[in-house]
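Engineer: Give me a model of this one.
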Amino acid sequence: MCFLEVVRHPPRLPLREVSVVIELVEIAWSKVFRCRHKKCTPLITCRKGQPRSRVAAITGTYFVCLKCGKEFAYDWDNMRVIDPEHGQMALLAEKATGI
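Structural biologist: Numbers count the residues shown, from 1 in each chain. Here you go, the predicted model:
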């Protein structure tokens, strides 16, 4: 096989393998460059009787990052965001028992 043949007809990967590679690159990219949650919805408060997501069930008020889709509970009493992933489980338990 000569060099010109390789240039004219490069080897092709099956579509399935290409999609796996793209998915792995996206995962690695998201781990290195995390979302900063700069673009978010306004605060959303659920009415009584409405179905709620797991995050909305914490305080009843939440917002969503428009870039990555992550939901954040909002505490009106302390006027701050509650993120269960950053070690605030005691505050979540206190809020859950107070509802």
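Engineer: remind me which residues of the chain are low pLDDT?
Structural biologist: 1-16, 83-99 (pLDDT under 70).
Engineer: Could you measure from residue 56 over to residue 74?
Structural biologist: Separation of residue 56 from residue 74 (CB to CB, to the nearest Å) stands at 10 Å. For glycine as for every other residue, the C-beta is placed from the backbone atoms N, C-alpha and C.
Engineer: who touches both of those two?
Structural biologist: In terms of CB atoms under 8 Å, 6 or more residues apart in numbering, residue 56 and residue 74 are both contacted by the residues residue 62.
Engineer: Which residue ranges make up the domains of the chain?
Structural biologist: Domains of the chain are assigned by automatic domain parsing as 3-32, 44-98.
Engineer: Would you work out how far apart the start and end of stretch 31-39 are?
Structural biologist: Start to finish, the residues bounding stretch 31-39 are 19 Å apart (CA to CA, to the nearest Å).
Engineer: just the helices in the chain please.
Structural biologist: Counting by DSSP state H, the chain has helices at residues 3-8, 15-32, 56-59, 89-98.
Engineer: For residue 66, give me its contacts.
Structural biologist: So residue 66 contacts 39, 40, 41 (CB under 8 Å, 6+ apart).
Engineer: what does residue 41 give?
Structural biologist: By CB under 8 Å, 6+ apart, the contact set of residue 41 is 63, 64, 66.
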